[in-house]
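[1] Quick one: sequence plus predicted model below, questions after.
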Amino acid sequence: MAPKYKLIYFNGTGRAEPIRYLFAYAGQDYVDYRIKREEWPQLKPNTPYGKVPVLEVDGKPVAQTNAIARYLAKQFKLQGSDDWEILQADSLVETLGDYNLSSMRLFREENSERIAEIKKDQAFYLAKFDEIVSSNPSGLLVGSAVTWADLVFAATLSSRPDQVDAPKSYPALSAFVNKINNLPAIKKWVETGPKSDPPPSGPQHKR
(Lines give C-alpha, C1' and ligand atoms only; values in the text may rest on other atoms or scores of the structure.)
Protein backbone atom coordinates (compact mmCIF):
# COMPACT_ATOMS: atom_id res chain seq x y z
CA MET A 1 0.00 0.00 0.00
CA ALA A 2 1.32 3.42 -0.97
CA PRO A 3 2.06 5.86 1.85
CA LYS A 4 -0.31 8.71 2.57
CA TYR A 5 1.28 11.99 1.52
CA LYS A 6 0.54 15.51 2.71
CA LEU A 7 2.46 18.43 1.23
CA ILE A 8 2.46 21.62 3.32
CA TYR A 9 3.30 24.96 1.71
CA PHE A 10 1.87 28.40 1.06
CA ASN A 11 -0.65 29.05 -1.70
CA GLY A 12 1.96 29.59 -4.36
CA THR A 13 4.41 27.75 -6.58
CA GLY A 14 7.91 28.46 -5.25
CA ARG A 15 9.79 25.66 -3.55
CA ALA A 16 6.81 23.29 -3.50
CA GLU A 17 6.03 23.29 -7.21
CA PRO A 18 8.74 20.76 -8.20
CA ILE A 19 7.23 18.37 -5.65
CA ARG A 20 3.75 18.95 -7.05
CA TYR A 21 5.07 18.24 -10.56
CA LEU A 22 6.43 14.91 -9.32
CA PHE A 23 3.09 13.98 -7.79
CA ALA A 24 1.25 15.05 -10.94
CA TYR A 25 3.53 13.14 -13.30
CA ALA A 26 3.35 9.99 -11.17
CA GLY A 27 -0.43 10.24 -10.83
CA GLN A 28 -0.03 9.97 -7.07
CA ASP A 29 -2.80 11.19 -4.78
CA TYR A 30 -1.75 13.52 -1.98
CA VAL A 31 -3.08 16.30 0.21
CA ASP A 32 -1.94 19.66 -1.17
CA TYR A 33 -2.30 21.67 2.04
CA ARG A 34 -1.88 25.37 1.37
CA ILE A 35 -1.14 27.52 4.40
CA LYS A 36 -2.87 30.83 4.81
CA ARG A 37 -0.41 33.58 5.71
CA GLU A 38 -2.18 34.23 8.98
CA GLU A 39 -1.81 30.55 9.92
CA TRP A 40 1.96 30.46 9.52
CA PRO A 41 3.05 31.87 12.92
CA GLN A 42 1.08 29.14 14.67
CA LEU A 43 2.20 26.33 12.35
CA LYS A 44 5.88 27.31 12.07
CA PRO A 45 7.01 25.92 15.48
CA ASN A 46 5.53 22.54 14.54
CA THR A 47 7.63 22.14 11.39
CA PRO A 48 11.01 20.35 11.52
CA TYR A 49 13.11 23.48 10.91
CA GLY A 50 10.65 26.35 10.86
CA LYS A 51 10.41 26.34 7.07
CA VAL A 52 8.27 24.89 4.31
CA PRO A 53 7.72 22.89 2.20
CA VAL A 54 7.18 19.96 4.53
CA LEU A 55 6.07 16.55 3.33
CA GLU A 56 4.25 14.26 5.73
CA VAL A 57 4.65 10.57 4.87
CA ASP A 58 2.10 8.59 6.84
CA GLY A 59 2.01 11.50 9.27
CA LYS A 60 5.81 11.74 9.66
CA PRO A 61 7.18 15.13 8.58
CA VAL A 62 10.33 15.76 6.55
CA ALA A 63 11.72 19.03 5.20
CA GLN A 64 13.94 20.31 2.35
CA THR A 65 12.68 20.45 -1.24
CA ASN A 66 15.48 18.48 -2.88
CA ALA A 67 15.46 15.76 -0.24
CA ILE A 68 11.70 15.38 -0.63
CA ALA A 69 11.91 15.40 -4.44
CA ARG A 70 14.77 12.88 -4.43
CA TYR A 71 12.80 10.57 -2.13
CA LEU A 72 9.71 10.78 -4.34
CA ALA A 73 11.83 10.22 -7.44
CA LYS A 74 12.96 6.94 -5.92
CA GLN A 75 9.41 5.95 -4.98
CA PHE A 76 8.13 6.78 -8.47
CA LYS A 77 11.17 5.32 -10.30
CA LEU A 78 12.18 8.68 -11.79
CA GLN A 79 15.79 8.79 -10.63
CA GLY A 80 17.36 7.64 -13.91
CA SER A 81 17.95 4.35 -15.67
CA ASP A 82 21.36 3.62 -14.12
CA ASP A 83 23.84 4.97 -11.57
CA TRP A 84 25.39 7.40 -14.06
CA GLU A 85 22.03 8.93 -14.97
CA ILE A 86 21.13 9.12 -11.27
CA LEU A 87 24.37 11.00 -10.60
CA GLN A 88 23.79 13.36 -13.54
CA ALA A 89 20.24 14.13 -12.40
CA ASP A 90 21.45 14.80 -8.84
CA SER A 91 24.23 17.06 -10.08
CA LEU A 92 21.88 19.06 -12.28
CA VAL A 93 19.33 19.61 -9.53
CA GLU A 94 22.06 20.79 -7.16
CA THR A 95 23.40 23.15 -9.84
CA LEU A 96 19.92 24.52 -10.39
CA GLY A 97 20.05 25.38 -6.70
CA ASP A 98 23.10 27.56 -7.39
CA TYR A 99 21.17 29.28 -10.17
CA ASN A 100 18.27 29.86 -7.79
CA LEU A 101 20.59 31.56 -5.32
CA SER A 102 21.45 34.08 -8.03
CA SER A 103 17.77 34.68 -8.62
CA MET A 104 17.16 35.30 -4.93
CA ARG A 105 20.00 37.80 -4.89
CA LEU A 106 18.46 39.55 -7.89
CA PHE A 107 15.11 39.72 -6.12
CA ARG A 108 16.66 41.71 -3.26
CA GLU A 109 19.28 43.74 -5.12
CA GLU A 110 18.86 47.40 -6.09
CA ASN A 111 22.43 48.34 -7.06
CA SER A 112 22.64 48.42 -10.87
CA GLU A 113 26.22 47.17 -11.06
CA ARG A 114 25.51 44.19 -8.82
CA ILE A 115 22.32 43.49 -10.76
CA ALA A 116 24.41 43.28 -13.94
CA GLU A 117 26.83 40.87 -12.26
CA ILE A 118 24.00 38.65 -11.05
CA LYS A 119 22.41 38.55 -14.50
CA LYS A 120 25.76 37.57 -15.97
CA ASP A 121 25.95 34.75 -13.44
CA GLN A 122 22.44 33.63 -14.36
CA ALA A 123 23.29 33.68 -18.05
CA PHE A 124 26.28 31.42 -17.39
CA TYR A 125 24.06 28.76 -15.83
CA LEU A 126 21.30 29.07 -18.42
CA ALA A 127 23.81 28.69 -21.24
CA LYS A 128 25.18 25.54 -19.60
CA PHE A 129 21.68 24.09 -19.17
CA ASP A 130 20.83 24.97 -22.78
CA GLU A 131 23.99 23.21 -23.98
CA ILE A 132 23.19 20.07 -21.96
CA VAL A 133 19.68 19.83 -23.39
CA SER A 134 20.74 20.60 -26.96
CA SER A 135 23.39 17.86 -26.84
CA ASN A 136 20.84 15.20 -25.80
CA PRO A 137 18.86 13.78 -28.77
CA SER A 138 15.87 13.17 -26.48
CA GLY A 139 15.55 16.87 -25.69
CA LEU A 140 15.70 16.01 -21.99
CA LEU A 141 18.34 16.73 -19.38
CA VAL A 142 19.41 13.15 -18.79
CA GLY A 143 19.02 10.01 -20.89
CA SER A 144 15.97 9.18 -22.98
CA ALA A 145 13.21 9.08 -20.34
CA VAL A 146 11.81 11.74 -18.03
CA THR A 147 13.62 11.98 -14.70
CA TRP A 148 12.94 14.00 -11.60
CA ALA A 149 15.53 16.52 -12.78
CA ASP A 150 13.38 17.34 -15.81
CA LEU A 151 10.35 17.93 -13.60
CA VAL A 152 12.27 20.03 -11.05
CA PHE A 153 13.80 22.19 -13.80
CA ALA A 154 10.51 22.76 -15.63
CA ALA A 155 8.63 23.59 -12.44
CA THR A 156 11.33 25.98 -11.26
CA LEU A 157 11.88 27.80 -14.55
CA SER A 158 8.13 28.13 -15.12
CA SER A 159 7.00 29.31 -11.73
CA ARG A 160 9.18 32.21 -10.64
CA PRO A 161 8.38 35.65 -12.05
CA ASP A 162 12.04 36.59 -12.50
CA GLN A 163 12.74 33.43 -14.50
CA VAL A 164 9.75 33.12 -16.81
CA ASP A 165 11.29 34.91 -19.76
CA ALA A 166 14.88 33.82 -19.25
CA PRO A 167 14.69 30.42 -20.99
CA LYS A 168 13.29 32.05 -24.14
CA SER A 169 16.78 33.34 -24.87
CA TYR A 170 18.00 29.75 -24.93
CA PRO A 171 16.15 27.76 -27.64
CA ALA A 172 16.92 24.24 -26.45
CA LEU A 173 16.13 25.06 -22.83
CA SER A 174 12.91 26.82 -23.82
CA ALA A 175 11.84 23.86 -25.96
CA PHE A 176 12.64 21.53 -23.07
CA VAL A 177 10.50 23.49 -20.59
CA ASN A 178 7.62 23.51 -23.09
CA LYS A 179 8.07 19.79 -23.68
CA ILE A 180 7.75 18.97 -19.98
CA ASN A 181 4.89 21.39 -19.41
CA ASN A 182 2.99 19.80 -22.28
CA LEU A 183 3.24 16.26 -20.95
CA PRO A 184 -0.44 15.32 -20.41
CA ALA A 185 -0.23 14.93 -16.62
CA ILE A 186 1.78 18.14 -16.15
CA LYS A 187 -0.38 20.10 -18.58
CA LYS A 188 -3.49 19.03 -16.67
CA TRP A 189 -1.91 20.07 -13.36
CA VAL A 190 -0.83 23.48 -14.66
CA GLU A 191 -4.26 24.16 -16.17
CA THR A 192 -6.48 22.83 -13.37
CA GLY A 193 -4.39 23.23 -10.19
CA PRO A 194 -5.33 25.82 -7.54
CA LYS A 195 -4.72 29.43 -8.46
CA SER A 196 -1.72 30.79 -6.58
CA ASP A 197 -1.64 33.99 -4.58
CA PRO A 198 0.19 36.83 -6.36
CA PRO A 199 3.95 36.92 -5.66
CA PRO A 200 5.29 39.41 -3.12
CA SER A 201 6.72 42.63 -4.41
CA GLY A 202 10.46 43.21 -4.33
CA PRO A 203 13.18 45.45 -5.79
CA GLN A 204 13.14 43.65 -9.13
CA HIS A 205 9.42 44.32 -9.58
CA LYS A 206 9.99 48.05 -9.19
CA ARG A 207 12.33 48.34 -12.12
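    Arrived safely, thanks for sending. Predicted model, so just to flag it, every value in this text is computed and none were measured.

[2] burial count for the spatially closest residue to K44 that is not a sequence neighbour?
    Excluding the flanking residues, the one nearest K44 by Cβ to Cβ, 6 or more residues apart in numbering is G50, at 5.3 Å. Yep, even glycine has a C-beta here, placed from its N, CA and C like the rest. Neighbour count of G50, defined by other Cβ atoms under 10 Å: 10.

[3] Tell me if I am right that G50 is in a strand.
    No: under DSSP: H, G, I helix; E, B strand; the rest coil, G50 sits outside any strand and is assigned coil.

[4] doesn't W40 make contact with it?
    No: counting by Cβ atoms under 8 Å, W40 is not a contact partner of G50; they are 10.1 Å apart.

[5] For the residue nearest to K44, give its distance to P3.
    Using Cβ to Cβ, to the nearest Å, we find G50 at a distance of 24 Å from P3.

[6] what's the burial count for L101?
    A count of neighbours around L101, defined by other Cβ under 10 Å, yields 12.

[7] Same check on the one 3 residues further on?
    M104 sits with 13 neighbouring residues when counted by other Cβ under 10 Å.

[8] Can you report how many residues lie near the closest residue to D197 other than its chain neighbours?
    Leaving aside its chain neighbours, D197 sits nearest to N11 (4.8 Å; criterion: Cβ to Cβ, 6+ apart). Neighbour count of N11, defined by other Cβ under 10 Å: 16.

[9] Break the chain into its domains for me.
    Residue ranges for the domains of the chain, per the TED database: 5-76, 83-183.

[10] Please compute how far stretch 52-59 lies from its chain's middle.
    How far stretch 52-59 lies from its chain's middle: 17 Å, per Cα atoms, centre = their mean, to the nearest Å.

[11] What's the end-to-end length of that stretch?
    Between the opening and closing residues of stretch 52-59 lies a distance of 16 Å (Cα to Cα, to the nearest Å).

[12] one step back: any chance of the domains of the chain in JSON lines, with mean pLDDT and distance to S196 too?
    Output for those, formatted as JSON lines (pLDDT from 0 to 100; distance: least, Cβ to Cβ, whole Å):
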{"stretch": "domain 5-76", "mean pLDDT": "97", "distance to S196": "4"}
{"stretch": "domain 83-183", "mean pLDDT": "89", "distance to S196": "8"}
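
[13] Quick check: which of the ones you listed is nearest to P194?
    For the domains of the chain, distance to P194 was read as Cβ to Cβ. The smallest value, 6.7 Å, belongs to domain 5-76.

[14] Show me the helices in the chain, by range?
    Listed from the start of the chain, the chain has helices (DSSP state H) covering 17-26, 40-43, 65-75, 83-108, 112-134, 148-159, 171-181, 184-192, 203-206.

[15] Just the buried residues of the longest one, please?
    By neighbour count, with 16 or more other Cβ atoms under 10 Å as the criterion, the buried positions of helix 83-108 are 85-86, 88-90, 92-93, 96, 99-100, 102-103, 106-107.

[16] residues touching Y25, list them.
    Taking Cβ atoms under 8 Å, 6 or more residues apart in numbering, we find Y25 in contact with F76, L78, V146, L151, L183, A185, I186.

[17] Fine by me, we can end here.
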